[in-house]
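**Student:** Okay, structure incoming, though there's no sequence with it:
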DNA sequence: CCTAATTAAGTTGGATACAATATAACTGAA
DNA sequence: TTCAGTTATATTGTATCCAACTTAATTAGG
């Protein structure tokens, strides 16, 4: 091969790409049991934490586009987990709120993180907690660096 | 909040999810310039490395389903990057090969990894290489652990 | 030799993602 | 006051993803 930087096995990014899908595969059976997809699940995580939020706040918190969020919320509403109401003070803004059914789902979701953790951690549990923490920090750093690069890129285009 | 394990900010998985999409956003303008999406790009990476491969080999190498791969290859064929031929020795198997146009695209792709690296690394370049290596290893470990868990899960179901 | 099981790709259907566009509501400057 | 610009959300179009199913070809057991 003429270009070692083009080898799949050398690529950090392919690891992220593959890992993300493998993670989703780990979540899928657990979340299917709750009647959720992963993006619906993190939307519910936000709502369990904040009780309510506008579409814009959800988009910002989950780094998702309205083109993803709007139909997703429509499906969550159809399945009875949330309600949507336009604010009387500003009819453009849509407030998303948990229904009783949506609130109750939290109980069934409590075991999900532990189950996922057991898929992520090796049988040898020693040192795992610390590695977990180090990995978290590296991901945060990488993510903020990527966002910084994107901002600079988008500034440059204007 | 009653359940700290359900806080978005505590979740390792949400970091992976967000990071993967931020990475794709970094690739998008570069790859659009080549007329590729990310999954088409890694398909080309495989082919630049191996010159050819069956649909099954590509699915295995990229951890993708035929339901993703078949239409993707159809689009790469339409855009003139690859050709597909069924093997005379086994008419079920489809061999994917680079066209001349597909081969030539490699030259234009050479700069992509460096560009992405510059988005990933902070301005302070000291120690970055080592951290990069540590991160790679942690991702590999995590990925193989996830695959192991999935195998055990699928074994258990049979 | 023949059919049942297996294998390799392709297709279909549902749900993301995101760019680009549309729509409706709000804001502000002349 | 009015309308040009902005803002918040929704919609449309293209491309993934994956589960489930289909089709065609090969293999293997009787």
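**Tutor:** Arrived safely, thanks for sending. Model, not experiment: these values are computed from the prediction.

**Student:** domains of chain A?
**Tutor:** Under the assignment automatic domain parsing, the domains of chain A span A:11-108, A:121-158.

**Student:** could you check whether the longest helix along chain A is close to chain B?
**Tutor:** The longest helix of chain A (DSSP state H) is helix A:128-156. Yes. Counting by CB under 8 Å from any CB of the partner chain, chain B is contacted by helix A:128-156 at A:131-132, A:134-136, A:138-143, A:145-147, A:149-150, A:153. All C-beta atoms are positioned from the backbone trio N, CA, C, and that covers glycine.

**Student:** If you tally nearby residues, what's the number for the one residue in chain A that gets nearest to DNA strand D?
**Tutor:** Residue nearest to DNA strand D within chain A: residue A:56 (2.6 Å; CB to the nearest atom of the strand). Per other CB atoms under 10 Å in any protein chain shown, the neighbour tally for residue A:56 reads 13.

**Student:** does it count as helix, strand or coil?
**Tutor:** What DSSP: H, G, I helix; E, B strand; the rest coil gives for residue A:56 is helix.

**Student:** Tell me which residue is most central in chain A.
**Tutor:** Nearest residue to the geometric centre of chain A (CA atoms, centre = their mean): residue A:42, 4.9 Å.

**Student:** pLDDT wise, what is that one at?
**Tutor:** We have a pLDDT of 98 for residue A:42.

**Student:** buried stuff in the helix or strand hosting it?
**Tutor:** For residue A:42, the element it lies in under DSSP states H and E is helix A:38-50. Neighbour-count burial for helix A:38-50, counted by 16 or more other CB atoms under 10 Å in any protein chain shown, picks out A:38, A:39, A:40, A:41, A:42, A:43, A:44, A:45, A:46, A:47, A:48, A:49.

**Student:** ok, and the closest non-adjacent residue to the fourth one?
**Tutor:** Meaning residue A:41. In this structure, residue A:41 finds its nearest non-sequential neighbour in residue A:31, 5.3 Å apart by CB to CB, 6 or more residues apart in numbering or on different chains.

**Student:** contacting residues for that neighbour?
**Tutor:** The neighbourhood of residue A:31, defined by CB atoms under 8 Å, 6 or more residues apart in numbering or on different chains, consists of A:37, A:38, A:40, A:41, A:112.

**Student:** Which pLDDT value belongs to it?
**Tutor:** 98.

**Student:** swap in residue A:76?
**Tutor:** Taking residue A:76 on its own, its pLDDT is 98.

**Student:** residues touching it, list them.
**Tutor:** Residue A:76 sits in contact with A:40, A:43, A:44, A:82, A:102, where contact means CB under 8 Å, 6+ apart.

**Student:** quick one: which of those is nearest DNA strand C?
**Tutor:** Within the contacts of residue A:76, proximity to DNA strand C (CB to the nearest atom of the strand) peaks at residue A:40, which comes in at 4.7 Å.
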